[in-house]
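K.L.:
Structure for the following, please:
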Amino acid sequence: MPMSLRFSRALTLVAAGLAAQVAQADGSYYSLGYGLKPYGSSADGSVVSAYISNDSYYMWTATTGVTAIGGKWLGGTTDVSADGSIISGSALGADGVTHAAYYTVATGTWTTLSGLGRSIDGSESSSWGLSGDGKTVVGLAWTSGVAANAVKSAPDNTLVNLGVSGRAQAVNSDGSVIAGYVSQGLSSYGVYWQNGVMTKLTDAQGANMPAVGDMSENGLWLVGSGAASGQTWRYNTATHAVEWLGDFNTATTVQASTGISADGKIVVGYDRGFNTPPTLGQGTIWIEGTGMLSLTDYVLAQGVDLEGRTLALPLGISDDGRTFYGIDSAGEGFVVTLSPVPEPATYGMLGLGLGAIAWRRRRAAPSQH
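P.N.:
Have a look, this model is predicted:
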């Protein structure tokens, strides 16, 4: 038997053995419906929040399914406190314009946050993140002219101006670390505030890093938009060092990390071509010690039936790393739950098994000229 054929069969057996091992994991796929964009979850993934553009907000649980919770979306995203009791978003105020706001699940009520005194196109401010304890909403508020400044909420339900044009998009568990970006002319760069002090993100060569989109719950790790190098990354706020996570598909040009687990060891994101619709993209998952994989392949290898769809645009991950949510290839919102999460040794086997499958696909594919 030729060596290449023996090696190919050996890799196939590794992949098949892996699939048999992890297919016993208890996992589920849930479709939330077309147009719903899930953007936040509780720490254990049991509560997921979503919105429909130019409409309102929704809450999902495995027991109740999708439930309308009101509010009014005119920009921003949505998030959930660690215990699932608070959901951030936007709602109409008494003045008839939308404000950054939060929804209290127990009472079914929205509380709006007063902005910086100016509204544009019916919106005064918008929410882009929520602290794990549910006490700090971050986002943007309009100022004079057409500029918007990064803001955070205060205990008296007012918004505090962080003093820069841009947007706050992520916050840690207790609100002590906030991150986002600063706008500067036609460009922008990533920043974070730690106990009120702003720091610009730069790489080892001093180049500015792009916008931050999410952070670990302790505020140690930041992730966000893809860098000019074509790679995704995570930034350590203690060492101020950038760790390059790689480029899943070097043939495409648009990539980003959209979510990170509480311990910073699992990162989800996407990779797609320029001007390619999000539904035609490829969801990715990076695991510390293993590297970057296809999120669709990762989930399928653990026995979850995705009904023939791909996880095209992951928008987040629960703190415990067991729940993923975003938009699938059919344009519908999805939630995928995995339990238990494989041990680190299984991660390594998973990478080898999926690598074997990818190798066989490349070998079988016709030459392209």
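K.L.:
any weak-confidence spans in the stretch 51-200 of the chain?
P.N.:
145 (pLDDT under 70).
K.L.:
those strands in the stretch 251-369 of the chain, which residues are they?
P.N.:
For the stretch 251-369 of the chain, applying DSSP state E, counting those that start in this stretch gives strands covering 254-260, 266-272, 282-287, 291-294, 313-317, 323-327, 332-339.
K.L.:
Out of these, which is closest to Gly219?
P.N.:
strand 254-260 (11.2 Å; CB to CB). The way it works is simple: take the backbone N, C-alpha and C, and place the C-beta from them, glycine included.
K.L.:
what packs against the closest one?
P.N.:
Packed against strand 254-260 by the contact rule (3 or more CB pairs under 8 Å, 6 or more residues apart in numbering; DSSP states H and E) you find strand 212-215, strand 221-224, strand 232-236, strand 266-272, strand 313-317.
K.L.:
Apply 6 Å and report the result again.
P.N.:
In this structure, strand 254-260 makes packing contacts with strand 212-215, strand 221-224, strand 266-272, strand 313-317, judged by 3 or more CB pairs under 6 Å, 6 or more residues apart in numbering; DSSP states H and E.
K.L.:
Distance from the third one to the middle of the chain?
P.N.:
Put plainly, it is strand 266-272. Its chain's average C-alpha position is 8 Å from that of strand 266-272, according to CA atoms, centre = their mean, to the nearest Å.
K.L.:
let's have the chain start at 831 instead
P.N.:
All right, first residue 831 from here; so that's strand 1096-1102.
K.L.:
how far off strand 1112-1117 does it point, in degrees?
P.N.:
With axes from the mean of the first three to the mean of the last three CA atoms, to 10 degrees applied, the angle from strand 1096-1102 to strand 1112-1117 works out at 150 degrees.
K.L.:
State the number of residues packed around the nearest residue to Lys1095 once chain neighbours are set aside.
P.N.:
Using CB to CB, 6 or more residues apart in numbering and skipping the chain neighbours, the partner closest in space to Lys1095 is Glu1118 (4.1 Å). Per other CB atoms under 10 Å, the neighbour tally for Glu1118 reads 16.
K.L.:
Check which element follows the helix or strand Gly870 falls within along the chain.
P.N.:
According to DSSP states H and E, Gly870 maps onto strand 867-871. Per DSSP H and E, the first helix or strand lying C-terminal to strand 867-871 is strand 878-881.
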